[in-house]
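Student: Give the three-dimensional model of this entry:
(chains A and B)
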There are 2 protein chains.
Amino acid sequence: MTQLESAAKGYITPEMKRVARKEKCDPVSVRKNLARGRVVIPGNKKRNLSKLCGIGSGLSTKINANIGTSKGSSGISQELKKMNAAIELGADAIMDLSTGSGIKRTRREILKKSSVPVGTVPIYEIVIDGLKRHSRIKDIKISEMMAVLRDQAREGVDFFTIHAGVTQHALSLLKKNPRILNIVSRGGAFLAEWMLKNRRENPFYEYFDEVLDIAKEFDITLSLGDGLRPGATADATDAPQIMELITLGSLQKRALKAGVQTMIEGPGHVPIDQIETNVILEKAICNQAPFYVLGPLVTDVAPGYDHITSAIGGAIAASKGADFLCYVTPSEHLRLPTLEDVKEGVIASKIAAHAADIAKGIKGAMDWDIAISKARAMRNWKKQFNLAIDKARPMEYRKASRPGINDVCTMCEDYCSIKIAEKCLGGKR
Amino acid sequence: MTQLESAAKGYITPEMKRVARKEKCDPVSVRKNLARGRVVIPGNKKRNLSKLCGIGSGLSTKINANIGTSKGSSGISQELKKMNAAIELGADAIMDLSTGSGIKRTRREILKKSSVPVGTVPIYEIVIDGLKRHSRIKDIKISEMMAVLRDQAREGVDFFTIHAGVTQHALSLLKKNPRILNIVSRGGAFLAEWMLKNRRENPFYEYFDEVLDIAKEFDITLSLGDGLRPGATADATDAPQIMELITLGSLQKRALKAGVQTMIEGPGHVPIDQIETNVILEKAICNQAPFYVLGPLVTDVAPGYDHITSAIGGAIAASKGADFLCYVTPSEHLRLPTLEDVKEGVIASKIAAHAADIAKGIKGAMDWDIAISKARAMRNWKKQFNLAIDKARPMEYRKASRPGINDVCTMCEDYCSIKIAEKCLGGKR
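Tutor: Numbering: from 1, shown residues only, chains lettered A, B, ... in the order given. Below you'll find the predicted structure:
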């Protein structure tokens, strides 16, 4: 049985218990939310994850880090380094988005070594591998597509991004409502090319039952992808995007009935004033399924700093109910991220998730802030660094700028407000 | 006459016209909002600013960068470098927060060389200079305080942070509602020490008319400081903070009557779910006066990354109506910022302000995003970099990771979604 089938039957699995323990919540509520499709616990039956996580209603906001090779850039060992750094800094899941040579080898290594759930976008391998046999994307057969899904499932992939909402209807809306950037999803673009050249429906939509069969067999969580997510703030919340969301909502219902855990992916580039609307829409249209947002980036003008534009959007989205944030690195729109970029991306995303958890009232979230603020009040630097989201950078900063006396910093030196206030308003608390 | 007096009499000054031209708005609306205290145009009568800015209702969100020496750290030339970098990257105002040796010399150099409005917190010089003559803060005389204000006014300072809301009443509330971090404002801490040791009312509150006289004579904009801003998210929106805000609201009314331009300073460390409340409170209690927020930082756990925690808070605050964002650098809580920190801080703050301007519907804000997104659609890298909020970093990233073909990047190489979509959905727009 899948986690969802167990939950629906009233069984509390060891995985649900582990999630509840980690989140300091009631396993019964985890089971109930799982049964209603409001929580997922990604984990392929073939894998034994040492770091499980629950994603969805009532749980803390999780973050995902994308890694993977691209043609001519990076190799397996470099990507494994990125994976380890991301997990160490607190990534709850990893996606292997490799499109370079050795897709299979890279994935197998990642699956062997990742302690957290691993997701893929199977259409990447379908197309890149398919183009070795066929000269055009359109010639790839649906049977070949499903074979890739089966292979990846057997290898142990924990969640699949499936862009089943890029339907002919949605593409016709896109033609009628052209954007500055029509499609910015690689998976969405591959499928659009296949569909438009073949004049056929999206194969994952048409054969969704087959996708469900594979997912169910291995308890793979489906992440219904937003192939039509806006890639420019001016394109946000348009008809093609919302049409796709409606389709994903109906597919999520089918998955729920079939016992397949499902999340919904969301935009993209979205102005601040439209983020809450996007979360409300997803929750309403997709039956409160976990919302996995890619950013959102709140402006397009900051290449080199998109970990910040997306930390803003991610924090707002999660504070309004999004459940899972896909990190964005400073290299977004520019290059395959480096190891340093991956670290920056994870930290920014972690900040967004935690800030949102305070706002969501997640149990224990504010305790962390209270603990570090108390250390700050006592000017206990070691404790502050140990409690920091990343201890390396604050330690490095302080080392580079030592004050004359130890219990202040070089911002204020003798005129530390905390010390002055302590003297005249009373002692350490 | 001050800008406010002119506005109240119905005159549209050259400064109002300049602001309206820059913002592509009607000078009449600038005059009206100025007359009602909803807009300020900081500028000492003695200075002739080449880069004026209007702050408040209907105008784009502005950002401020703090510079200045501290004891044993940095010198004048280094601080001038920071100032120039900040202005070049788009800071609309500079505050000189020097507390190191040579306070006067540093300020005079900054005033001589800054093309943008310069603010100070006069209580810093009052205390640091006063402690050369007196052994204790409490012995500094009110006449000495006012003399420093007059000196700085004559030198041309454009706006003063005056912590007149740290009243005995507010401090008694603080004692009854102790915080993790009682006072984190240097100015607030200095005043609290003076007040508690002397058992006297806040001198700026008691002699507010004198402060107004000085401000009026030179058309200095008052920034009524939040000496009791929360310095921990768990301390946010408490009685002392709101008591201070109420006092600032009544002082703002007196300033408005006296013809003195006024802004209100705001927190600090604030959880995401309390930011909108803080903006609504300020606008309601302080007669819609421009709101100048210091951050807000949405979590305490990220020392080394507080430019990100405050970009999140600043973007939300500004999108809800805050008018002026004080930048926060990665060195916040750790050390006097370096030149690099200043740049990072300005860029993060600029991102927050611009993202908020899109949400606010500020004229022309979205045009910038549309222009860069069109360049992105065309894979016109040069144009993208020229339009970027900072062009240095994206250029550096691309240089370090060149793709095999020029019109893609190493993230996707041959599988660029934009290119694929262009081929199957139609040409460049």
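
Student: CA atoms for contacts and neighbours, from now on please.
Tutor: Noted.

Student: ok, is stretch A:115-122 in contact with chain B or not?
Tutor: No. Stretch A:115-122 stays clear of chain B (C-alpha under 8 Å from any C-alpha of the partner chain), getting no nearer than 13.6 Å.

Student: which residues sit against that stretch?
Tutor: Residues outside stretch A:115-122 that contact it (C-alpha atoms under 8 Å, 6 or more residues apart in numbering or on different chains) are A:42-43, A:49-53, A:87, A:92-97, A:110-111, A:148-149, A:152, A:157-162, A:187.

Student: and these, which of them are in strands?
Tutor: A:93, A:94, A:95, A:96, A:159, A:160, A:161, A:162 (DSSP state E).

Student: ok, which of the contacts of stretch A:115-122 also contact chain B?
Tutor: Answer for those near chain B (C-alpha under 8 Å from any C-alpha): residue A:187.

Student: Quick one: the helices in the stretch 51-200 of chain A, in order.
Tutor: A:76-88, A:103-113, A:122-133, A:142-155, A:168-176, A:186-198 (DSSP state H, counting those that start in this stretch).

Student: Could you say which of these is packed most deeply?
Tutor: Looking across the helices of the stretch 51-200 of chain A with neighbours counted as mean count of other C-alpha atoms under 10 Å in any protein chain shown, the highest average goes to helix A:186-198: a mean of 22.

Student: who touches that one?
Tutor: Residues outside helix A:186-198 that contact it (C-alpha under 8 Å, 6+ apart): A:121, A:123-124, A:127, A:137-139, A:163, A:166, A:168, A:171, A:183, A:200-202, A:226-228, B:415-418, B:420-421, B:424.

Student: what's the distance between it and the middle of its chain?
Tutor: Put simply, helix A:186-198 sits 23 Å off its chain's centre (C-alpha atoms, centre = their mean, to the nearest Å).

Student: average pLDDT for that helix?
Tutor: Summarised as a single mean, pLDDT over helix A:186-198 is 97.

Student: now swap in stretch A:264-278 and tell me
Tutor: Stretch A:264-278 comes out with an average pLDDT of 97.

Student: And that stretch, end to end?
Tutor: 12 Å (C-alpha to C-alpha, to the nearest Å).

Student: same question, stretch A:117-128
Tutor: Start to finish, the residues bounding stretch A:117-128 are 24 Å apart (C-alpha to C-alpha).

Student: now swap in stretch A:301-310 and tell me
Tutor: 12 Å.

Student: average pLDDT for it?
Tutor: For stretch A:301-310, mean pLDDT is 98.

Student: Using a markdown table, lay out the helices of the stretch 51-200 of chain A together with distance to residue A:269.
Tutor: Shown next, in a markdown table, are those (distance: least, C-alpha to C-alpha, whole Å):
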| stretch | distance to residue A:269 |
| --- | --- |
| helix A:76-88 | 23 |
| helix A:103-113 | 28 |
| helix A:122-133 | 22 |
| helix A:142-155 | 29 |
| helix A:168-176 | 17 |
| helix A:186-198 | 15 |
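
Student: wait, which of those is closest to residue A:316?
Tutor: With C-alpha to C-alpha as the measure, helix A:76-88 is the member of the helices of the stretch 51-200 of chain A nearest residue A:316 (22.3 Å).

Student: Who are the packing partners of that closest one?
Tutor: strand A:62-67, helix A:103-113, helix A:339-360 (3 or more C-alpha pairs under 8 Å, 6 or more residues apart in numbering or on different chains; DSSP states H and E).

Student: Just put these in JSON lines and tack on distance to residue B:382 and mean pLDDT.
Tutor: Compiled in JSON lines, these are given as follows (distance: least, C-alpha to C-alpha, whole Å; pLDDT from 0 to 100):
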{"stretch": "strand A:62-67", "distance to residue B:382": "27", "mean pLDDT": "98"}
{"stretch": "helix A:103-113", "distance to residue B:382": "32", "mean pLDDT": "97"}
{"stretch": "helix A:339-360", "distance to residue B:382": "22", "mean pLDDT": "98"}
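
Student: so which of those comes closest to residue B:326?
Tutor: Judging these by C-alpha to C-alpha, what sits closest to residue B:326 is helix A:339-360, at 19.7 Å.

Student: quick one: the closest one to helix A:76-88, angle?
Tutor: 20 degrees (axes from the mean of the first three to the mean of the last three C-alpha atoms, to 10 degrees).

Student: Which elements pack onto helix A:339-360?
Tutor: Contact analysis of helix A:339-360 by 3+ C-alpha pairs under 8 Å, 6+ apart lists strand A:62-67, helix A:76-88, helix A:306-319, strand A:324-326, helix A:365-377, helix B:272-285, helix B:306-319 as its packing neighbours.

Student: Out of these, which gets nearest to residue A:221?
Tutor: Once the helices and strands packed on helix A:339-360 are compared by C-alpha to C-alpha, strand A:324-326 is nearest, at 13.5 Å.

Student: partner strands of that closest one, parallel or antiparallel?
Tutor: strand A:62-67 (parallel), strand A:291-294 (parallel) (DSSP bridges).

Student: Format these as a markdown table; extra columns: mean neighbour count.
Tutor: Formatted as a markdown table, those follow (neighbours: other C-alpha atoms under 10 Å in any protein chain shown):
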| stretch | mean neighbour count |
| --- | --- |
| strand A:62-67 | 26 |
| strand A:291-294 | 27 |
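
Student: Which single residue in the stretch 101-250 of chain A comes nearest to chain B?
Tutor: Here the stretch 101-250 of chain A gets closest to chain B at one residue, residue A:186, 4.7 Å apart by C-alpha to the nearest C-alpha.

Student: State the number of residues packed around residue A:213.
Tutor: If you count neighbours by other C-alpha atoms under 10 Å in any protein chain shown, residue A:213 ends up with 17.

Student: got it, and the one 5 residues further on?
Tutor: Using other C-alpha under 10 Å, residue A:218 has 23 other residues around it.

Student: which residues does the residue nearest the centre of chain A bridge with?
Tutor: Chain A has residue A:326 as the residue nearest its centroid, 3.0 Å off, counting by C-alpha atoms, centre = their mean. Counting by DSSP bridges, residue A:326 forms beta bridges with residue A:64, residue A:294.

Student: residues touching residue A:93, list them.
Tutor: The contact partners of residue A:93, by C-alpha under 8 Å, 6+ apart, come to A:62, A:63, A:64, A:65, A:87, A:116, A:117, A:118, A:119.

Student: What is the neighbour count of the closest residue to the first one other than its chain neighbours?
Tutor: By the measure of C-alpha to C-alpha, 6 or more residues apart in numbering or on different chains, the closest residue to residue A:62 outside its immediate chain neighbours is residue A:324, 4.7 Å from it. Burial measure for residue A:324: 28 neighbouring residues, criterion other C-alpha under 10 Å.

Student: same question, the one 5 residues further on
Tutor: For residue A:329, the number of neighbouring residues by other C-alpha under 10 Å comes to 32.

Student: tell me the secondary structure for it?
Tutor: Put simply, residue A:329 is coil when judged by DSSP: H, G, I helix; E, B strand; the rest coil.

Student: With residue A:325 as the reference, measure out to the nearest residue to it once chain neighbours are set aside.
Tutor: Sequence neighbours aside, residue A:345 is the residue nearest to residue A:329 in space, at 4.2 Å (criterion: C-alpha to C-alpha, 6+ apart). Per C-alpha to C-alpha, residue A:345 is found 11 Å from residue A:325.

Student: any low-confidence regions in the stretch 201-350 of chain A?
Tutor: Under the criterion pLDDT under 70, no range of the stretch 201-350 of chain A is flagged.
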